[in-house]
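**Q** structure for the following, please:
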Amino acid sequence: MTTTTMASLHLYRALLRQAKGMKDYNFRMYALRRVKVGFQKNRSLQGEDAAAALANGMDQLEMLRRQATLSQLYPSARSVME
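**A** Just a heads-up that it's a prediction; the model follows:
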């Protein structure tokens with residue numbers, strides 16, 4: 001495997017792990033769906049485009065970490081779906 005492939009796989013797992021950490025059902029499902037769709041959409045990128053997508057993914061991971069922290073600090077009422 002190439003380094004970009006390994007890095008993208010690591011990023012994918014980290015994003016899924018953070019998305020599953022969201023307390024609210026709607027936010028959790030939205031984050032999981034967005035991660036999966038984003039990686040499917042960018043599957044065929046190579047070169048500089050892949051590097052730019054990885055950098056954007058790292059920014060998204062940091063944002064998701066902040067959102068997960070806020071989700072834990074200020075829990076909402078349980079949803080009917082849970």
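
**Q** the residue positioned nearest the centre of the chain - nearest residue in space that isn't next to it in sequence?
**A** With distances taken as CA atoms, centre = their mean, the residue of the chain nearest its centroid is L15 (3.2 Å). Counting by CB to CB, 6 or more residues apart in numbering, V35 is the residue found nearest to L15 once chain neighbours are left out, at 4.5 Å. All C-beta spots, glycine's among them, are computed from the backbone N, C-alpha and C.

**Q** where do the helices sit along the chain?
**A** 3-20, 25-41, 48-73 (DSSP state H).

**Q** closest one to V80 among those helices?
**A** For V80, the closest of those is helix 25-41, at 8.8 Å, according to CB to CB.

**Q** so what does the closest one touch, helix or strand wise?
**A** helix 3-20, helix 48-73 (3 or more CB pairs under 8 Å, 6 or more residues apart in numbering; DSSP states H and E).

**Q** so how far is the longest one off the chain centroid?
**A** Taking CA atoms, centre = their mean, to the nearest Å, one finds the center of helix 48-73 at 6 Å from the center of the full chain.

**Q** pull out the buried positions in that helix.
**A** Judged by neighbour count (16 or more other CB atoms under 10 Å), helix 48-73 contains these buried residues: A50, A53, L54, G57, Q60, L61, L64, Q67, A68, S71.

**Q** how about stretch 6-16?
**A** The neighbour-count check on stretch 6-16 (16+ other CB under 10 Å) flags A7, S8, L11, Y12, A14, L15, L16 as buried.
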